[in-house]
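In: Give me coordinates for this.
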Amino acid sequence: MTTRTMEPIGGAAIAFLRRVSIEGEGSLYAESRAEEQRAGTCVKRGYLKRDQMDAALFHITGEGRAYLAKLARAH
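Out: Residues are numbered from 1 along each chain as shown. Okay, the predicted model is just below:
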């Protein structure tokens with residue numbers, strides 16, 4: 001098993017990732033173009049995945065939860 005390096009994503013993308021985790025209970029719709037862009041940043045890093053049936057719906061991954069946990073420990 002290979003371990004990916006947790007790559008930084010910037011404050012706006014972190015905020016969206018947290019919203020998916022907390023408000024959406026792991027899944028959340030991107031409601032604007034800006035949110036789509038933030039979600040895209042998270043998808044590129046493996047922290048979110050796009051729903052196969054609905055392109056505006058995003059799901060947090062295990063890596064996304066681990067990234068948020070790492071940030072929480074750092075603060």
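In: where do the strands sit along the protein?
Out: Counting by DSSP state E, the chain has strands at residues 27-29, 48-50, 57-60.
In: List the strands paired with the first one, with their directions.
Out: Sheet partners assigned to strand 27-29 using DSSP bridges are listed as strand 57-60 (antiparallel).
In: quick check, distance from the strand it pairs with to the centre of its chain.
Out: Here strand 57-60 is found 7 Å from its chain centre; the criterion is CA atoms, centre = their mean, to the nearest Å.
In: residues contacting Tyr67?
Out: 6, 9, 17, 45, 47 (CB atoms under 8 Å, 6 or more residues apart in numbering). Where C-beta positions appear, they are placed from N, C-alpha and C, glycine not excepted.
In: go again using 10 Å as the cut-off
Out: 6-9, 14, 17, 21, 42, 45-47, 60-61 (CB atoms under 10 Å, 6 or more residues apart in numbering).
In: Now restrict those to buried residues only.
Out: 9, 14, 17, 21, 42, 45, 47, 60-61 (16 or more other CB atoms under 10 Å).
In: Give me the below-cutoff pLDDT ranges for this structure.
Out: 1-4, 75 (pLDDT under 70).
In: Could you rerun that using 80?
Out: Along the chain, segments meeting pLDDT under 80 span 1-6, 75.
In: In JSON lines, list the buried ones among the contacts of Tyr67 along with distance to Glu35.
Out: JSON lines is the format used below for the buried ones among the contacts of Tyr67 (distance: CB to CB, whole Å):
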{"residue": "Ile9", "distance to Glu35": "14"}
{"residue": "Ile14", "distance to Glu35": "13"}
{"residue": "Leu17", "distance to Glu35": "11"}
{"residue": "Ser21", "distance to Glu35": "14"}
{"residue": "Cys42", "distance to Glu35": "10"}
{"residue": "Arg45", "distance to Glu35": "16"}
{"residue": "Tyr47", "distance to Glu35": "14"}
{"residue": "Ile60", "distance to Glu35": "14"}
{"residue": "Thr61", "distance to Glu35": "17"}
